[in-house]
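# Structure for this input, please:
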Amino acid sequence: MSLYNMVASTNENTVIAEYIPEYSPSGSYQSESQLEQEFIRLLQTQGYEYLKIHNEASLLTNLRKQLEVLNSYSFSDTEWNWFFQKCVSGANDGIIEKTRRIQTDHVQVLKKDDGSTKNIYHIDKKNIHNNRLQVINQYEESEGTHGTRYDVTILVNGLPLVHARIEASRGRDSGSVQPDQSVSTGKLLGSQRSV
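Numbers count the residues shown, from 1 in each chain. Okay, here's the model as predicted:
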């Protein structure tokens, strides 16, 4: 059975998309690993890019690359270090300041090497399709109050904004994917404490 989903509607036009749902009853137990892989596969079918990132150095490299692509700008190493410390991780910022930075102050001012300034977007809220969606899994963080491994993490422009915990079923119903609310107070981009 086909469904038609409304994509956009104005007084003059309506845009719809045909959606043909995939139905595949498992009928059998799925492990957490299988659920995790299926969740990632579903995200990929929706345009998320899967990355094999398991450490902070790779995550930071990806963040820099994604912000450079979004802003059509290449940071010098000095500029990137300053921008990351002041406008992304904010070592002295708490959860409220970091959340505000993503939700309302998503445009930060970069002080360039030549003394001029440039607006750098964390997220493009006017043209949301300019944002890059990525998914990683089994990211390990050893910093913070305790070591943590995140089942699945969704990145928006390289920023880790959603952690999902995968839980296999304990009975007849299928497993579940839930936001992970036990986020570590570790160092990961300095943003783990904020989102």
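
# for the protein, what spans make up the helices?
For the chain, the helices defined by DSSP state H cover 32-45, 56-71, 77-83, 95-103.

# who's the residue nearest the centre of the chain bridged to?
Residue closest to the mean C-alpha point of the chain, counted by CA atoms, centre = their mean, is Leu155 at 1.7 Å. Assessed by DSSP bridges, Leu155 has beta-bridge partners Gln134, Pro160.

# my read: it touches Leu161, true?
Yes - the pair Leu155 / Leu161 is scored as a contact, 7.0 Å apart, by CB atoms under 8 Å. For every residue, glycine as well, the C-beta is placed using N, CA and C.

# and stretch 72-84, how far apart are its ends?
Using CA to CA, to the nearest Å, the end-to-end distance of stretch 72-84 comes out at 17 Å.

# Starting from Ser33, give me the distance back to the residue nearest to the centre of the chain.
Between Leu155 and Ser33 the computed distance is 21 Å (CB to CB, to the nearest Å).

# low pLDDT regions in the protein?
Scanning the chain for pLDDT under 70 picks out 1-7, 19-28, 142-147, 169-195.

# Without its sequence neighbours, what residue ends up closest to Gln66?
In space, and not counting its chain neighbours, Gln66 is closest to Gly158: 3.5 Å by CB to CB, 6 or more residues apart in numbering.

# Can you give me the neighbour number for the nearest residue to Arg64 once chain neighbours are set aside?
Nearest residue to Arg64, sequence neighbours excluded (CB to CB, 6+ apart): Trp80, at 5.7 Å. A count of nearby residues for Trp80, using other CB atoms under 10 Å, gives 18.

# and if you look at the one 10 residues further on?
Applying other CB under 10 Å, we find 17 residues neighbouring Gly90.

# Over to Ile123?
Number of residues near Ile123 (other CB under 10 Å) recorded here: 17.

# thinking it is in contact with Thr104, fair?
No - under the criterion of CB under 8 Å, Ile123 makes no contact with Thr104, lying 10.7 Å away.

# thinking again about what came up before, mind listing what the residue nearest to Gln66 touches?
Applying CB atoms under 8 Å, 6 or more residues apart in numbering to Gly158 gives the contacts Leu59, Asn62, Leu63, Arg64, Lys65, Gln66, Leu67, Arg132, Gln134.
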